Structure formats: structure tokens, C-alpha cells
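Asker: show me how the following folds:
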Amino acid sequence: MQPILAPFSASLSELRKNPKALLEKSQDETVAIFERNVPAAYLISPAHYEELLNRLEDYELGEIVKARQAEKPFAVEVSLDDL
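Answerer: Now for the predicted structure:
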């Protein structure tokens, strides 16, 4: 059985029937959308989506930093005056 990663849940037909009411009921919390009693999607607020994208970008930038730190022994040091 899949874990449900949301404080609210609704069926796909509920979402189709009255999306505005569902959004009001959830109060910007994540909503698990079920189809045939199986999680089919998650509905998240724009603010939460933006936060997730920012965290993903931070993670990716961290990975780039780690990769470049590993290349440091092969770097050639130059003074700004030499450029």
C-alpha cells in the first residue's frame, strides 16, 4: 500500500465536480487525489510548488559545488594582475 503524503484527500470525481470547494477546504495544504482508491496525483499550492523548485535548485547547485571542489587539485592559480 502506498503512503499518503498529504493531510487532505479527495477523489478525482470530487475534484472535477467542484475544484474551488476542494481548494477552499484544503486551505493551501497538499491534497492527495485518488482514482479507484489509489493516489493518482497531488494538488499543491503555488507557494509550496515554488518552495519545492527552490529547494531542488539549491540541491543542484550544491552538487555543482561538490563536483567543482573535487576539481580543485587540478586548478591553476593565477593572480588578477596576470590577467
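Asker: do you know the pLDDT at L83?
Answerer: On pLDDT, L83 comes in at 77.
Asker: just say helix, strand or coil for A40.
Answerer: Put simply, A40 is strand when judged by DSSP: H, G, I helix; E, B strand; the rest coil.
Asker: now do the contacts for it.
Answerer: A40 is in contact with 12, 33-34, counting by CB atoms under 8 Å, 6 or more residues apart in numbering. (Glycine included, C-beta is placed from N, CA and C.)
Asker: give me the buried subset of the residues you listed.
Answerer: Neighbour counting by 16 or more other CB atoms under 10 Å classes 33-34 among the contacts of A40 as buried.
Asker: filter the contacts of A40 down to the ones in helices?
Answerer: In this view, the contacts of A40 that belong to helices under DSSP state H are L12.
Asker: out of the contacts of A40, which is nearest to E63?
Answerer: Of all the contacts of A40, I33 has the smallest distance to E63: 31.5 Å, by CB to CB.
Asker: distance of the closest residue to the closest one other than its chain neighbours from A6?
Answerer: Of all residues not flanking I33 in the chain, A41 sits nearest, at 4.4 Å (CB to CB, 6 or more residues apart in numbering). Here the criterion is CB to CB, to the nearest Å. By it, A41 lies 10 Å from A6.
Asker: compare these two (neighbour count), which wins?
Answerer: The neighbour count for A41 versus A6, taken as other CB atoms under 10 Å, is higher for A6 (17 against 12).
Asker: who touches both of A41 and A6?
Answerer: Counting by CB under 8 Å, 6+ apart, the residues touching both A41 and A6 are A32.
Asker: tell me which helix or strand in the chain has the weakest average pLDDT.
Answerer: helix 19-26 (a mean of 89; mean pLDDT, DSSP states H and E).
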